[in-house]
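J.: just a sequence and a predicted model for now, questions to come.
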Amino acid sequence: MKLAMVAKTLVPCRAAAALGEKPLLLLRSGQEELAAVDLVGAAQGDWVLAVTGCAGAKFAMDTAADAVVVAVIPEDSGIGC
C-alpha cells in the first residue's frame, strides 16, 4: 500500500474497454508518480491510500488495473503539509 496525494485527474482521449468508466488519478508520493483507478471518489489535493500490484488488481474487480485508490485519508489525521 502507498500513501499519496492526488495531483490531478487524468482524462484519456482513448482507453481500453477493460479499463471501465472509473476515473484515473495521478498520485504523487515523494518523488514517485503513479496512475491509479479511483474507486472511492477522491479529489485533487486529497491524501489517499493506494493499493498496487496483485492486491490492487483484486480490489479493481471488474476493471483492468494494478493500482487503485481504496481510501481517502481525512485532513485532520495529521498527514501532509
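T.: Okay, I see it. Keep in mind the model is a prediction, meaning the values are calculated, not measured. Numbers count the residues shown, from 1 in each chain.

J.: all contacts plus neighbour counts: C-alpha atoms, from now on.
T.: Fine.

J.: where does the protein dip in pLDDT?
T.: Counting by pLDDT under 70, the chain has low-confidence residues at 54-64, 79-81.

J.: in it, which strand is the longest?
T.: Identified as the longest strand of the chain according to DSSP state E is strand 2-10.

J.: next, the buried residues of that strand.
T.: Neighbour counts over strand 2-10 (16 or more other CA atoms under 10 Å) mark 3, 4, 5, 6, 7, 8, 9 as buried.

J.: would you turn the residues you listed into CSV with distance to residue 36?
T.: Shown next, in CSV, are the buried residues of strand 2-10 (distance: CA to CA, whole Å):
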residue, distance to residue 36
3, 12
4, 11
5, 12
6, 10
7, 11
8, 11
9, 10
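
J.: nearest to residue 71, of the residues you listed?
T.: Ranked by distance to residue 71 (CA to CA), those are led by residue 3 at 9.7 Å.

J.: before we move on, back to that, and the two most separated of the buried residues of strand 2-10?
T.: 3 and 9 (17.0 Å).

J.: what ranges does this structure have for its strands?
T.: Under DSSP E, the chain gives strands at 2-10, 24-29, 32-38, 47-52, 67-73.

J.: how about the ones you listed, which one is nearest residue 18?
T.: That would be strand 32-38 among these, by CA to CA, at 12.0 Å.

J.: related to what we said a few turns ago, let me know the closest of the buried residues of strand 2-10 to residue 43.
T.: residue 6 (6.7 Å).

J.: so residue 2 touches residue 51, yeah?
T.: Yes. Applying CA atoms under 8 Å, one finds residue 2 in contact with residue 51, separated by 6.4 Å.

J.: any idea how far the closest residue to residue 72 other than its chain neighbours lies from residue 71?
T.: The shortest distance from residue 72 to any non-neighbouring residue, by CA to CA, 6 or more residues apart in numbering, is to residue 48 (4.4 Å). To residue 71, residue 48 is 6 Å away according to CA to CA, to the nearest Å.
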